[in-house]
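>>> here is a sequence with its predicted model. Questions after.
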Amino acid sequence: MAAMGATSAVALAGCLNSESEPKQTSEPTTKTSDEGLDPAKPTDVDRIAADPTDLPDPVDWSSPRTHEIEVTTTERIAEIEPGVTFKYMTFDDQVPGPMIRVRRGDTVRLTLTNAAESAVVHNIDLHAVYGPGGGADDTMVDPGQSATIEFKAMYPGVHVYHCAVPDMDMHISAGMFGAILVEPEDGLPEVDRELYFGQNEIYTNGAAGEDGHHEFDYDGMTSEEPTYVALNGEAYAFTEGGYGPITVDKGERVRLFYANGGPNLTSSWHAIGNVWETYYPNGALASDPDHYVETAPVVPGSVATAVIDTPVPGPIKLVDHALSRVVRKGMLGVIQVEGEAEPEIFNPEP
Ligand SMILES: [Cu+2]
(Lines give C-alpha, C1' and ligand atoms only; values in the text may rest on other atoms or scores of the structure.)
Protein backbone atom coordinates (compact mmCIF):
# COMPACT_ATOMS: atom_id res chain seq x y z
CA MET A 1 0.00 0.00 0.00
CA ALA A 2 1.40 3.35 -0.96
CA ALA A 3 0.70 5.47 2.02
CA MET A 4 2.48 8.78 1.74
CA GLY A 5 -0.67 10.72 2.49
CA ALA A 6 -1.87 8.49 5.27
CA THR A 7 1.53 8.44 6.93
CA SER A 8 1.79 12.20 7.04
CA ALA A 9 -1.77 12.33 8.25
CA VAL A 10 -1.10 9.99 11.13
CA ALA A 11 1.99 11.97 12.07
CA LEU A 12 -0.01 15.15 12.09
CA ALA A 13 -2.88 13.64 13.96
CA GLY A 14 -0.35 12.50 16.54
CA CYS A 15 -0.09 16.14 17.49
CA LEU A 16 -3.57 15.76 18.94
CA ASN A 17 -1.80 14.44 21.99
CA SER A 18 0.54 17.22 22.93
CA GLU A 19 2.33 15.20 25.61
CA SER A 20 3.70 12.42 23.48
CA GLU A 21 5.42 11.96 20.17
CA PRO A 22 3.24 10.78 17.36
CA LYS A 23 3.13 7.03 17.05
CA GLN A 24 3.10 5.45 13.65
CA THR A 25 3.01 1.85 14.68
CA SER A 26 -0.72 1.36 14.45
CA GLU A 27 -2.01 -1.01 11.83
CA PRO A 28 -4.16 0.48 9.09
CA THR A 29 -7.77 -0.25 9.90
CA THR A 30 -9.17 0.82 6.58
CA LYS A 31 -9.69 -1.66 3.80
CA THR A 32 -7.09 -2.04 1.09
CA SER A 33 -7.95 -2.74 -2.49
CA ASP A 34 -7.11 -6.30 -3.52
CA GLU A 35 -6.26 -5.63 -7.11
CA GLY A 36 -4.73 -2.20 -6.72
CA LEU A 37 -5.98 1.10 -8.00
CA ASP A 38 -5.54 2.63 -11.40
CA PRO A 39 -2.83 5.30 -11.48
CA ALA A 40 -3.83 8.76 -10.36
CA LYS A 41 -5.51 10.70 -13.17
CA PRO A 42 -4.68 14.18 -14.43
CA THR A 43 -6.71 16.68 -12.44
CA ASP A 44 -9.28 19.08 -13.93
CA VAL A 45 -8.86 21.58 -11.09
CA ASP A 46 -5.88 22.23 -8.82
CA ARG A 47 -7.99 22.41 -5.71
CA ILE A 48 -11.51 21.33 -4.83
CA ALA A 49 -11.53 22.57 -1.21
CA ALA A 50 -13.40 25.85 -0.87
CA ASP A 51 -11.49 28.66 0.82
CA PRO A 52 -13.10 28.90 4.29
CA THR A 53 -12.61 32.68 4.27
CA ASP A 54 -14.56 33.07 1.03
CA LEU A 55 -18.15 33.82 1.96
CA PRO A 56 -20.48 36.74 1.30
CA ASP A 57 -20.36 39.79 3.55
CA PRO A 58 -23.05 40.16 6.24
CA VAL A 59 -26.39 41.60 5.20
CA ASP A 60 -26.25 45.43 5.25
CA TRP A 61 -29.67 46.15 3.78
CA SER A 62 -32.92 46.61 5.65
CA SER A 63 -35.69 46.09 3.12
CA PRO A 64 -36.46 43.11 0.86
CA ARG A 65 -34.49 42.79 -2.32
CA THR A 66 -34.14 40.28 -5.15
CA HIS A 67 -30.93 38.33 -5.76
CA GLU A 68 -29.97 36.90 -9.12
CA ILE A 69 -27.83 33.86 -8.34
CA GLU A 70 -26.18 31.54 -10.84
CA VAL A 71 -24.71 28.18 -9.86
CA THR A 72 -23.09 25.62 -12.14
CA THR A 73 -22.96 21.88 -11.45
CA THR A 74 -19.74 20.20 -12.53
CA GLU A 75 -17.95 16.86 -12.48
CA ARG A 76 -14.22 17.29 -11.88
CA ILE A 77 -11.23 15.09 -11.15
CA ALA A 78 -9.22 16.48 -8.27
CA GLU A 79 -7.09 15.26 -5.38
CA ILE A 80 -8.51 14.14 -2.03
CA GLU A 81 -4.93 14.33 -0.78
CA PRO A 82 -1.63 14.36 -2.67
CA GLY A 83 -1.43 11.38 -5.02
CA VAL A 84 -5.09 10.40 -4.53
CA THR A 85 -7.48 11.40 -7.31
CA PHE A 86 -11.27 11.15 -7.36
CA LYS A 87 -14.09 12.31 -9.60
CA TYR A 88 -15.95 14.93 -7.63
CA MET A 89 -19.36 16.37 -8.34
CA THR A 90 -19.69 20.00 -7.27
CA PHE A 91 -21.53 23.27 -7.25
CA ASP A 92 -19.12 25.77 -8.86
CA ASP A 93 -16.03 23.54 -8.70
CA GLN A 94 -15.72 23.69 -4.93
CA VAL A 95 -16.68 21.74 -1.80
CA PRO A 96 -18.74 22.91 -0.07
CA GLY A 97 -20.54 24.86 -2.77
CA PRO A 98 -20.61 28.66 -2.53
CA MET A 99 -22.54 30.11 0.38
CA ILE A 100 -25.71 31.95 -0.61
CA ARG A 101 -26.50 34.77 1.82
CA VAL A 102 -29.75 36.72 1.93
CA ARG A 103 -32.08 38.44 4.40
CA ARG A 104 -35.40 36.99 5.54
CA GLY A 105 -38.06 38.25 3.13
CA ASP A 106 -35.68 38.55 0.18
CA THR A 107 -36.44 36.89 -3.14
CA VAL A 108 -33.92 34.61 -4.80
CA ARG A 109 -33.97 34.04 -8.53
CA LEU A 110 -31.69 31.03 -8.88
CA THR A 111 -30.43 29.70 -12.18
CA LEU A 112 -28.82 26.27 -12.08
CA THR A 113 -26.70 25.31 -15.09
CA ASN A 114 -25.33 21.82 -15.61
CA ALA A 115 -21.95 22.09 -17.33
CA ALA A 116 -21.93 20.78 -20.90
CA GLU A 117 -19.23 18.21 -20.15
CA SER A 118 -21.16 16.62 -17.28
CA ALA A 119 -22.10 12.97 -17.67
CA VAL A 120 -25.32 12.97 -15.64
CA VAL A 121 -28.27 15.09 -14.58
CA HIS A 122 -28.10 17.30 -11.45
CA ASN A 123 -30.43 19.61 -9.50
CA ILE A 124 -30.58 21.57 -6.25
CA ASP A 125 -32.71 21.16 -3.11
CA LEU A 126 -32.37 24.14 -0.77
CA HIS A 127 -33.61 23.65 2.77
CA ALA A 128 -34.48 27.35 2.86
CA VAL A 129 -37.31 26.85 0.36
CA TYR A 130 -41.02 26.27 0.81
CA GLY A 131 -41.80 24.35 -2.36
CA PRO A 132 -41.63 20.93 -4.06
CA GLY A 133 -38.32 19.26 -3.32
CA GLY A 134 -36.90 22.53 -2.04
CA GLY A 135 -36.55 23.47 -5.70
CA ALA A 136 -35.20 20.13 -6.84
CA ASP A 137 -38.18 19.15 -8.95
CA ASP A 138 -37.90 22.24 -11.12
CA THR A 139 -34.12 22.49 -11.37
CA MET A 140 -33.41 19.05 -12.82
CA VAL A 141 -30.98 19.87 -15.62
CA ASP A 142 -29.32 17.72 -18.25
CA PRO A 143 -25.73 18.46 -19.27
CA GLY A 144 -25.55 21.80 -21.07
CA GLN A 145 -29.00 22.87 -19.84
CA SER A 146 -30.18 25.51 -17.35
CA ALA A 147 -33.26 25.99 -15.21
CA THR A 148 -34.44 28.96 -13.15
CA ILE A 149 -36.60 29.06 -10.05
CA GLU A 150 -37.64 31.96 -7.88
CA PHE A 151 -38.39 31.68 -4.17
CA LYS A 152 -38.91 33.90 -1.19
CA ALA A 153 -36.67 33.25 1.82
CA MET A 154 -39.51 33.02 4.34
CA TYR A 155 -37.71 31.75 7.43
CA PRO A 156 -34.34 32.58 8.97
CA GLY A 157 -31.49 30.20 9.66
CA VAL A 158 -28.55 28.65 7.92
CA HIS A 159 -29.53 25.67 5.83
CA VAL A 160 -27.97 23.03 3.62
CA TYR A 161 -28.51 22.83 -0.09
CA HIS A 162 -27.64 19.68 -2.01
CA CYS A 163 -28.15 17.76 -5.20
CA ALA A 164 -31.30 15.64 -4.95
CA VAL A 165 -31.42 13.45 -8.03
CA PRO A 166 -32.43 9.81 -7.40
CA ASP A 167 -28.74 8.96 -6.86
CA MET A 168 -28.51 11.80 -4.35
CA ASP A 169 -26.51 10.06 -1.66
CA MET A 170 -23.75 9.40 -4.18
CA HIS A 171 -23.85 12.94 -5.56
CA ILE A 172 -23.65 14.47 -2.08
CA SER A 173 -20.83 12.16 -1.09
CA ALA A 174 -19.01 13.26 -4.24
CA GLY A 175 -19.30 16.88 -3.13
CA MET A 176 -22.71 18.29 -4.05
CA PHE A 177 -23.71 20.27 -0.95
CA GLY A 178 -23.38 23.79 0.40
CA ALA A 179 -25.11 26.35 2.62
CA ILE A 180 -27.71 29.08 2.23
CA LEU A 181 -27.80 31.61 5.06
CA VAL A 182 -31.04 33.51 5.59
CA GLU A 183 -30.25 36.21 8.11
CA PRO A 184 -32.98 37.31 10.53
CA GLU A 185 -34.40 40.76 9.76
CA ASP A 186 -32.23 42.29 12.48
CA GLY A 187 -29.10 40.54 11.25
CA LEU A 188 -26.52 38.59 13.21
CA PRO A 189 -24.40 39.86 16.11
CA GLU A 190 -21.24 41.49 14.88
CA VAL A 191 -18.07 39.42 14.90
CA ASP A 192 -14.53 40.04 13.71
CA ARG A 193 -14.36 37.26 11.17
CA GLU A 194 -16.44 34.50 9.62
CA LEU A 195 -15.40 31.09 8.28
CA TYR A 196 -17.34 28.51 6.28
CA PHE A 197 -16.60 24.79 6.29
CA GLY A 198 -18.25 21.59 5.12
CA GLN A 199 -17.91 17.96 6.16
CA ASN A 200 -18.80 14.93 4.08
CA GLU A 201 -17.90 11.27 3.66
CA ILE A 202 -16.20 9.92 0.55
CA TYR A 203 -16.65 6.23 -0.25
CA THR A 204 -14.04 4.75 -2.58
CA ASN A 205 -12.62 1.42 -3.73
CA GLY A 206 -9.25 2.24 -2.14
CA ALA A 207 -7.80 2.79 1.30
CA ALA A 208 -7.21 6.19 2.85
CA GLY A 209 -3.85 7.41 1.63
CA GLU A 210 -3.51 4.78 -1.08
CA ASP A 211 -1.99 6.45 -4.13
CA GLY A 212 -3.93 6.18 -7.35
CA HIS A 213 -7.36 6.96 -8.76
CA HIS A 214 -10.17 6.10 -6.39
CA GLU A 215 -13.48 5.07 -7.93
CA PHE A 216 -16.75 5.64 -6.09
CA ASP A 217 -17.82 2.61 -4.00
CA TYR A 218 -21.57 2.08 -3.60
CA ASP A 219 -21.10 -0.89 -1.25
CA GLY A 220 -19.05 1.24 1.12
CA MET A 221 -21.73 3.91 1.03
CA THR A 222 -24.57 1.47 1.65
CA SER A 223 -22.78 0.10 4.70
CA GLU A 224 -21.81 3.65 5.73
CA GLU A 225 -18.10 2.82 5.92
CA PRO A 226 -16.33 5.75 4.30
CA THR A 227 -12.77 5.75 3.07
CA TYR A 228 -12.45 9.42 3.91
CA VAL A 229 -14.33 11.82 6.12
CA ALA A 230 -13.37 15.08 4.49
CA LEU A 231 -13.24 18.71 5.51
CA ASN A 232 -14.07 20.88 2.49
CA GLY A 233 -13.87 17.80 0.31
CA GLU A 234 -10.25 16.95 1.02
CA ALA A 235 -8.20 15.15 3.65
CA TYR A 236 -6.24 17.38 6.02
CA ALA A 237 -6.55 20.34 3.62
CA PHE A 238 -6.12 23.04 6.26
CA THR A 239 -3.01 21.71 7.96
CA GLU A 240 0.70 22.18 7.35
CA GLY A 241 0.57 19.17 5.03
CA GLY A 242 -2.14 20.77 2.91
CA TYR A 243 -2.87 24.41 2.11
CA GLY A 244 -1.86 25.43 5.62
CA PRO A 245 -3.92 26.48 8.63
CA ILE A 246 -6.46 29.28 8.50
CA THR A 247 -4.96 32.17 10.46
CA VAL A 248 -6.82 34.57 12.75
CA ASP A 249 -5.55 37.23 15.15
CA LYS A 250 -5.62 36.70 18.90
CA GLY A 251 -8.67 38.28 20.45
CA GLU A 252 -10.91 38.00 17.42
CA ARG A 253 -14.42 36.67 17.76
CA VAL A 254 -14.93 34.24 14.92
CA ARG A 255 -18.23 32.87 13.63
CA LEU A 256 -18.09 29.47 11.97
CA PHE A 257 -20.67 27.98 9.67
CA TYR A 258 -20.33 24.20 9.48
CA ALA A 259 -22.34 22.33 6.86
CA ASN A 260 -22.62 18.58 7.19
CA GLY A 261 -23.47 17.20 3.76
CA GLY A 262 -23.21 13.64 5.03
CA PRO A 263 -24.72 11.83 3.28
CA ASN A 264 -24.88 9.52 6.28
CA LEU A 265 -22.75 10.36 9.31
CA THR A 266 -23.49 12.76 12.14
CA SER A 267 -20.49 14.86 13.05
CA SER A 268 -19.51 15.24 16.71
CA TRP A 269 -18.20 18.70 16.05
CA HIS A 270 -15.49 19.90 18.41
CA ALA A 271 -12.69 22.45 18.50
CA ILE A 272 -9.60 21.11 20.25
CA GLY A 273 -8.26 23.83 22.52
CA ASN A 274 -11.43 25.92 22.42
CA VAL A 275 -15.18 25.79 23.06
CA TRP A 276 -18.30 26.84 21.16
CA GLU A 277 -18.86 30.02 23.16
CA THR A 278 -22.16 30.56 21.34
CA TYR A 279 -23.76 27.65 19.54
CA TYR A 280 -26.88 27.53 17.39
CA PRO A 281 -27.96 23.88 17.02
CA ASN A 282 -29.03 23.08 13.49
CA GLY A 283 -28.30 26.66 12.47
CA ALA A 284 -31.61 27.73 14.00
CA LEU A 285 -30.67 31.39 14.21
CA ALA A 286 -34.11 32.49 15.40
CA SER A 287 -33.73 30.40 18.55
CA ASP A 288 -31.70 31.25 21.63
CA PRO A 289 -28.24 29.74 21.30
CA ASP A 290 -26.47 27.48 23.76
CA HIS A 291 -23.24 28.63 25.40
CA TYR A 292 -19.89 26.98 26.18
CA VAL A 293 -20.68 23.79 24.32
CA GLU A 294 -17.76 21.38 24.11
CA THR A 295 -18.95 19.01 21.40
CA ALA A 296 -22.14 19.22 19.38
CA PRO A 297 -23.91 16.93 16.96
CA VAL A 298 -24.16 18.28 13.44
CA VAL A 299 -26.56 15.99 11.64
CA PRO A 300 -26.39 15.30 7.92
CA GLY A 301 -28.38 17.93 6.07
CA SER A 302 -27.78 20.73 8.53
CA VAL A 303 -25.45 23.65 9.10
CA ALA A 304 -24.29 24.42 12.63
CA THR A 305 -23.27 27.93 13.60
CA ALA A 306 -20.81 28.65 16.37
CA VAL A 307 -18.90 31.64 17.67
CA ILE A 308 -15.52 31.22 19.30
CA ASP A 309 -13.27 33.54 21.26
CA THR A 310 -9.53 33.39 20.69
CA PRO A 311 -7.87 34.64 23.89
CA VAL A 312 -4.61 32.72 23.48
CA PRO A 313 -2.32 32.05 20.51
CA GLY A 314 -1.86 28.60 19.06
CA PRO A 315 -3.73 26.05 17.01
CA ILE A 316 -7.44 25.34 17.30
CA LYS A 317 -8.14 21.98 15.70
CA LEU A 318 -11.53 21.46 14.11
CA VAL A 319 -12.50 17.82 14.36
CA ASP A 320 -15.33 15.35 14.35
CA HIS A 321 -14.85 13.84 17.81
CA ALA A 322 -15.52 10.41 16.37
CA LEU A 323 -11.74 10.43 16.33
CA SER A 324 -10.92 7.59 13.98
CA ARG A 325 -12.23 9.95 11.31
CA VAL A 326 -9.55 12.41 12.42
CA VAL A 327 -6.60 10.08 12.85
CA ARG A 328 -7.23 7.90 9.80
CA LYS A 329 -9.75 9.49 7.45
CA GLY A 330 -8.85 13.13 6.98
CA MET A 331 -11.31 15.03 9.17
CA LEU A 332 -9.06 17.70 10.62
CA GLY A 333 -8.51 21.39 9.98
CA VAL A 334 -6.49 23.95 11.91
CA ILE A 335 -7.29 27.53 12.80
CA GLN A 336 -4.03 29.13 13.89
CA VAL A 337 -4.42 32.00 16.35
CA GLU A 338 -1.54 34.44 16.04
CA GLY A 339 -0.39 36.84 18.72
CA GLU A 340 1.60 37.27 21.91
CA ALA A 341 1.44 34.63 24.62
CA GLU A 342 -1.10 35.03 27.42
CA PRO A 343 0.49 33.13 30.31
CA GLU A 344 -2.24 34.18 32.75
CA ILE A 345 -4.72 32.24 30.63
CA PHE A 346 -2.47 29.44 29.46
CA ASN A 347 1.10 28.92 30.58
CA PRO A 348 2.94 25.98 29.08
CA GLU A 349 5.96 26.41 31.39
CA PRO A 350 4.80 27.70 34.81
CU1 LIG B 1 -26.00 15.84 -8.78
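Done, it's in. These figures come from a predicted structure and were not determined experimentally.

>>> quick one: contacts for the residue nearest the centre of the chain?
The centroid of the chain falls nearest to G198 when counting by Cα atoms, centre = their mean (1.1 Å). Shown in contact with G198 (Cβ atoms under 8 Å, 6 or more residues apart in numbering): 50, 95-96, 177-179, 231-233, 258-261. Every residue, glycine included, has its C-beta placed from N, CA and C.

>>> now it: how far from G262?
10 Å (Cβ to Cβ, to the nearest Å).

>>> which neighbours do these two have in common?
Common contacts of G198 and G262 (Cβ under 8 Å, 6+ apart): F177.

>>> ok so, going back, out of the contacts of G198, the closest to the ion would be?
Relative to the ion, the closest of the contacts of G198 is F177; by Cβ to the ion it sits at 10.0 Å.

>>> let me see the domain layout of the chain.
Per the TED database, the structural domains of the chain span 66-183, 193-338.

>>> closest one to the ion among those domains?
Here domain 66-183 is closest among those (Cβ to the ion), at 3.1 Å.

>>> that closest one and the ion, are they touching?
Yes. Counting by Cβ under 5 Å from the ion, contacts between domain 66-183 and the ion involve H122, C163, H171, M176.

>>> from the chain's centroid, how far away is that domain?
Taking the mean of its C-alpha atoms, domain 66-183 sits 14 Å from the chain's own mean (Cα atoms, centre = their mean, to the nearest Å).

>>> I'd like to know how far the residue nearest to the centre of the chain sits from Y279.
18 Å.

>>> go on, I48?
I48 is 28 Å from Y279, by Cβ to Cβ.

>>> next: R109.
On the measure of Cβ to Cβ, R109 and Y279 end up 33 Å apart.

>>> of those two, give the one with the bigger neighbour count.
Higher neighbour count among R109 and Y279: Y279, with 20 against 13, using other Cβ atoms under 10 Å.

>>> over to the more buried one: give its phi and psi.
phi -140, psi 120 (degrees, to the nearest 10).

>>> isn't it right up against P289?
Yes. Using Cβ atoms under 8 Å, Y279 is in contact with P289, at 5.6 Å.

>>> can I assume I77 is in contact with D38?
No. The criterion here is Cβ under 8 Å, and I77 misses it with D38 at 11.7 Å.

>>> list residues touching both of these two?
With Cβ under 8 Å, 6+ apart, I77 and D38 have common neighbours H213.

>>> who's more crowded, those two?
The neighbour comparison of I77 against D38 (other Cβ under 10 Å) goes to I77, with 16 against 13.

>>> roughly how far apart are the more buried one and Y218?
19 Å.

>>> which residues in the stretch 101-250 of the chain form helices?
168-173, 218-222 (DSSP state H, counting those that start in this stretch).

>>> quick one: mean pLDDT for the last one?
The average of the pLDDT scores along helix 218-222 is 98.

>>> how about stretch 131-149?
98.

>>> for stretch 229-248, same thing?
For stretch 229-248, mean pLDDT rounds to 97.

>>> re earlier: mind checking pLDDT for the residue nearest to the centre of the chain?
pLDDT, G198: 98.

>>> for it, give its distance to F151.
G198 sits 22 Å away from F151 when distances are taken as Cβ to Cβ.

>>> since that was my last question, I'll sign off now.
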